[in-house]
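# Take this sequence and fold it.
(one chain, ligands or ions: 1)
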Amino acid sequence: MPYSKIVGLGHHVPDTVITNEYLSTLMDTNDAWIVERTGIKERRWIDPAVDTVGNMGAKAARMALKRANLTEKDVDFIVFASITSDYYFPGSGVIMQRELGLEGIGAIEIKNACSGFIYALSVADQFIKSGMYKTILVVGGEIQSTALDITTRGRNTAVIFGDGAGAAIVQASDKPGVLSTHLHADGRFAEELYVRDPGSSRPHAERQADQILDTTGFKVVMNGNQVFKHAVVRFMEVINEALAKNNMKKEDIDLLVPHQANLRISQYIQEKLALRDDQVYNNIMRYGNTTAASIPIAMSEAWAEGKMQEGNIVCLAAFGSGFTWASALIKW
Ligand code: UT7
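You can find the predicted model right below:
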């Protein structure tokens with residue numbers, strides 16, 4: 001049975017930088033509060049005239065293909081992770097596929113929020129191990145900014161989220177790459193971090209445009225304290241699960257790339273795993289929380305900085321809406 005290996009990484013973030021100072025002109029917040037609670041200094045927001053989830057995914061994919069010395073033609077399947085697709089349906093995987101000129105190859109959508117990229121990687125890993133596909137484009141892309149309530153009422157979510165896309169090329173290989181992936185969910189907490197509308201189980205009248213405008217159902221709703229408490233526990237559990245499965249110890253991790261939810265969460269995990277600063281990759285300071293795009297953007301940057309060398313053990317871990325949580329252990 002072949003192994004699957006990540007042979008290329010890429011990312012794209014919109015040009016517009018949104019600083020904490022700018023947010024404080026829109027709502028009652030301030031740089032000190034945001035940095036102290038989240039570690040975020042700035043994030044990117046799209047220009048609706050320029051960026052879509054699909055075209056940001058395509059830009060990230062082209063960077064990943066170039067770095068892997070491959071072209072669009074080599075891709076035989078797409079796995080696209082996003083909770084903010086350009087249309088309510090279809091998902092943005094097909095929009096990106098069209099942009100890349102790959103009409104005809106399959107594209108599957110993964111809607112698992114912050115855990116989406118690891119779920120997507122796991123799906124690609126299984127398709128490659130089964131022999132069904134050889135070169136899979138795995139992308140996480142999100143536009144959160146246009147759904148945020150950018151008034152004081154929405155400040156606990158508006159300051160956290162950002163836009164962007166990241167891509168990985170996963171290819172069949174004789175040598176091990178993705179060692180294992182671990183996927184979990186607990187739907188009892190579905191409403192602790194969610195967007196209700198346009199939900200299909202709403203009464204007909206409530207899904208009509210004029211009615212929807214009067215509701216707050218489109219807004220991201222997050223019970224931050226609950227999410228934080230569960231996140232720190234689940235992150236540790238799922239990382240330990242990956243280590244145990246591969247008979248490894250925390251000392252074997254060369255680089256941890258956590259989902260960029262909150263710098264405090266990353267620092268907590270770092271302390272529990274006794275990792276040095278250079279062993280945990282964080283870029284939330286610059287991009288905020290980009291949901292399914294956060295891990296592949298971080299991986300793409302970490303790789304470009306030379307932090308992922310052949311033979312290194314790289315651990316990915318995520319927690320988010322659902323709740324879902326997941327990890328992947330990779331031999332680079
Ligand atoms: O990526 C998916 C997973 N998501 C996460 O992992 C997020 C996890 N949760 C968090 O990171 C944190 O809960 C937050 C950063 C969202 C919030 O931090 P917190 O320490 O839980 O703050 P809080 O919501 O308990 O709010 C504390 C205070 C409140 O004021 P009072 O009631 O104490 O007077 C809020 O109204 O801070 C206030 N507040 C703000 N103040 C300034 C909330 N948001 C803001 C803001 N600026 N943006």
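# so who does the residue in the stretch 101-250 of the chain positioned nearest to the ligand touch?
Using Cβ to the nearest ligand atom, the closest approach of the stretch 101-250 of the chain to the ligand is made by Gly224 at 2.6 Å. No exception for glycine: its C-beta is placed from N, CA and C like everyone else's. By Cβ atoms under 8 Å, 6 or more residues apart in numbering, the contact set of Gly224 is Asn156.
# Ramachandran angles for it?
In terms of degrees, to the nearest 10, the main-chain angles of Gly224 are phi -50, psi -40.
# what does the one 5 residues further on give?
According to degrees, to the nearest 10, the main-chain angles of Lys229 amount to phi -60, psi -40.
# mind listing what the closest residue to His259 other than its chain neighbours touches?
Setting aside the residues directly before and after it, His259 is nearest to Ala318 in space (Cβ to Cβ, 6 or more residues apart in numbering), at 3.6 Å. Residues near Ala318 by Cβ under 8 Å, 6+ apart: 114-118, 258-259, 294-295, 324-327.
# okay if I get those residues as a markdown table plus neighbour count?
Below are the contacts of Ala318 laid out as a markdown table (neighbours: other Cβ atoms under 10 Å):
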| residue | neighbour count |
| --- | --- |
| Cys114 | 32 |
| Ser115 | 31 |
| Gly116 | 34 |
| Phe117 | 34 |
| Ile118 | 30 |
| Pro258 | 29 |
| His259 | 31 |
| Ser294 | 29 |
| Ile295 | 31 |
| Thr324 | 24 |
| Trp325 | 28 |
| Ala326 | 30 |
| Ser327 | 29 |
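# Can you pick out the ones from those residues that are in helices?
116-118, 294-295 (DSSP state H).
# Out of these, which two are the most distant from each other?
Using Cβ to Cβ, these span at most 10.8 Å, a distance reached by Ile118 and Ser294.
# burial measure for Met222, as a count.
Residues lying near Met222 (other Cβ atoms under 10 Å) number 19.
# Also Val314?
Count around Val314 with other Cβ under 10 Å applied: 25.
# Surely it and Trp332 touch.
Yes: Val314 is within contact range of Trp332, at 5.4 Å (criterion: Cβ atoms under 8 Å).
# Keep only the contacts of Ala318 that also lie close to the ligand.
Cys114 (Cβ under 6 Å from any ligand atom).
# Can you add pLDDT and distance to Gly91 and give the contacts of Ala318 back as a markdown table?
Output for those, formatted as a markdown table (pLDDT from 0 to 100; distance: Cβ to Cβ, whole Å):
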| residue | pLDDT | distance to Gly91 |
| --- | --- | --- |
| Cys114 | 97 | 17 |
| Ser115 | 97 | 16 |
| Gly116 | 97 | 11 |
| Phe117 | 98 | 14 |
| Ile118 | 98 | 18 |
| Pro258 | 98 | 25 |
| His259 | 98 | 20 |
| Ser294 | 98 | 18 |
| Ile295 | 98 | 18 |
| Thr324 | 91 | 17 |
| Trp325 | 91 | 22 |
| Ala326 | 94 | 19 |
| Ser327 | 97 | 24 |
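# Residues of the protein that sit close to the ligand?
29, 33-34, 37-38, 114, 155-156, 159-160, 224-225, 227-228, 231, 261-262, 265, 289, 320.
# let's see it at 8 Å
23, 27-30, 33-34, 37-38, 113-114, 155-160, 193, 222, 224-225, 227-228, 231, 259-262, 264-265, 289, 291, 294, 319-321 (Cβ under 8 Å from any ligand atom).
# So which of these belong to strands?
Judged by DSSP state E, the residues of the chain next to the ligand include 193, 222, 319-320 as members of strands.
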